[in-house]
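>>> Structure for this input, please:
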Amino acid sequence: MKPADPKAALIQWGIELETRLPVTSQVSVGSYHAGYPVTTGITLAGARSNAPAFHADTWKAERDGSIRCDAGQMPCEFVSPILHGEHGVDHLIAFVEWLNALGATVDRSCGCHITVGIESIIGTSDTKAVSEFIRKLAHIARWHARSLYGQTGTDRHLNHYSHPLYEQTADHMRKLVTCEEERVKAECAEQCGRGMVNFRKAFKRDRNGRFVGVVEFRVFAGTLNIEKILHHLASVLGLCRRAHEVQCLGGFGKNKIQAKRTATASDGLRFLWDYLGWTGSARPVALGLFGKLHSEFRHYRKSAQRLCQQFDSRYPDANL
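Numbers count the residues shown, from 1 in each chain. From the prediction side, this is the model:
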């Protein structure tokens with residue numbers, strides 16, 4: 001396999017895991033966007049267990065009205081602190097193991113959202129550079145939509161909150177890169193909606209005026225399978241790295257070669273790996289891969305292959 005990508009380790013990212021949590025876990029869940037710190041919980045074996053923390057930062061537990069639960073369960077969206085580097089990936093693995101020990105589960109109402117900090121990818125908050133980056137990312141994500149939805153193995157493409165990018169997204173992106181005012185750029189990003197990739201916070205600033213723009217990948221279905229999560233995260237970081245590096249951008253729609261290579265989710269997955277340099281010989285490094293994202297690729301790739309085959313059998317006519 002190609003060498004790891006040290007630049008990807010510098011990207012700041014976060015993840016939201018929507019779950020159905022046993023009431024017996026005794027995790028304190030806050031309100032929507034006002035979550036409580038996650039410190040302890042009761043495992044299925046009845047033992048009190050401390051939640052992993054990333055340095056001094058804890059996850060937050062908050063309500064989400066879109067999650068459906070059975071008797072004895074409560075909806076809970078776990079929101080990570082800002083993570084990065086090998087320690088961030090190791091921490092994510094440890095936290096998912098902790099959730100599984102508590103008996104957390106997912107169903108079709110749950111999602112897995114991954115958010116990345118734009119400045120940590122492209123190294124600047126210049127609005128022109130931000131505009132060019134998110135336009136490239138929109139094109140690339142749309143080309144690879146089948147493999148992104150496919151690796152979930154579910155009907156995530158039919159979910160209102162994670163729909164494929166619409167044709168008019170291209171118009172918004174074109175206006176976004178040609179206009180000069182940051183206010184107009186932000187309006188264009190807002191008009192793209194919340195589909196498989198959410199650009200609405202791409203030009204966000206904090207109360208002190210500091211740039212904190214992010215993009216959010218909403219394409220992934222809820223899961224507590226660490227192999228699936230690692231492939232999702234690797235895909236996101238790899239696509240962001242590729243969008244930053246690519247010089248020549250094609251059309252918003254697929255060309256003939258791209259259409260052929262993404263005819264099925266399984267084909268699209270192999271195309272994605274080649275496009276990011278995880279396989280093949282076109283790239284000097286495996287974009288987006290470092291630490292266990294790099295060393296465990298041979299293991300979690302098998303899970304992605306199986307899920308794409310499952311997607312192809314269930315949704316052979318998916319309009320992607």
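
>>> ok, now how distant is the residue lying farthest from the centre of the chain from G213?
For the chain, the largest distance from the centre (CA atoms, centre = their mean) belongs to G46, which lies 32.7 Å off. To G213, G46 is 45 Å away according to CB to CB, to the nearest Å. Heads up, the C-betas are built off the backbone N, CA and C, glycines and all.

>>> Quote the end-to-end distance of stretch 18-38.
Distance between the two ends of stretch 18-38: 14 Å, counting by CA to CA, to the nearest Å.

>>> pLDDT of that stretch, averaged?
Across stretch 18-38, pLDDT averages out at 96.

>>> in that stretch, what counts as buried?
Within stretch 18-38, the residues scored as buried using 16 or more other CB atoms under 10 Å are E18, T19, R20, L21, P22, S25, V27, V29, G35, V38.

>>> residues in contact with it?
The set of residues external to stretch 18-38 that reach it, using CB atoms under 8 Å, 6 or more residues apart in numbering, is 40-44, 51, 58-70, 72-79, 99, 102-107, 109-112, 222, 224.

>>> Of the residues you listed, which belong to strands?
Cross-referencing the contacts of stretch 18-38 against strands under DSSP state E gives 40-42, 60-62, 73-79, 111-112.

>>> Where neighbours are concerned, which of those has the most?
Comparing the ones in strands among the contacts of stretch 18-38 by number of neighbours (other CB atoms under 10 Å), C76 comes first, having 27 neighbours.

>>> Could you list the residues in contact with stretch 176-184?
T127, K128, S131, E132, I134, R135, K175, K185, C188, A189, F203.

>>> Let me see the confidence value for the second one.
Put plainly, it is K128. Predicted confidence (pLDDT) at K128: the value is 96.

>>> The last one too?
Predicted confidence (pLDDT) for F203: 97.

>>> Could you confirm it falls within a strand?
No. When classified by DSSP: H, G, I helix; E, B strand; the rest coil, F203 is found to be coil rather than part of a strand.

>>> Kindly indicate whether the residue nearest to it when sequence neighbours are not counted is helix, strand or coil.
Taking CB to CB, 6 or more residues apart in numbering as the measure, F203 lies nearest to A186, with 4.1 Å between them; neighbours along the chain are not counted. For A186, the secondary-structure state derived from three-state DSSP is helix.

>>> so A186 sits right up against F199, yeah?
No. A186 sits out of contact with F199 when judged by CB atoms under 8 Å, with a separation of 9.8 Å.

>>> Between these two, which is the more surrounded one?
The residue with more neighbours, out of A186 and F199 and counting by other CB under 10 Å, is F199; that gives 29 against 20.

>>> what are the ranges of the helices in the stretch 51-200 of the chain?
Secondary structure of the stretch 51-200 of the chain (DSSP state H, counting those that start in this stretch): helices located at 85-102, 118-122, 127-143, 145-150, 168-178, 182-191.

>>> residue ranges for the strands of the stretch 201-320 of the chain, please.
Secondary structure of the stretch 201-320 of the chain (DSSP state E, counting those that start in this stretch): strands located at 214-221.
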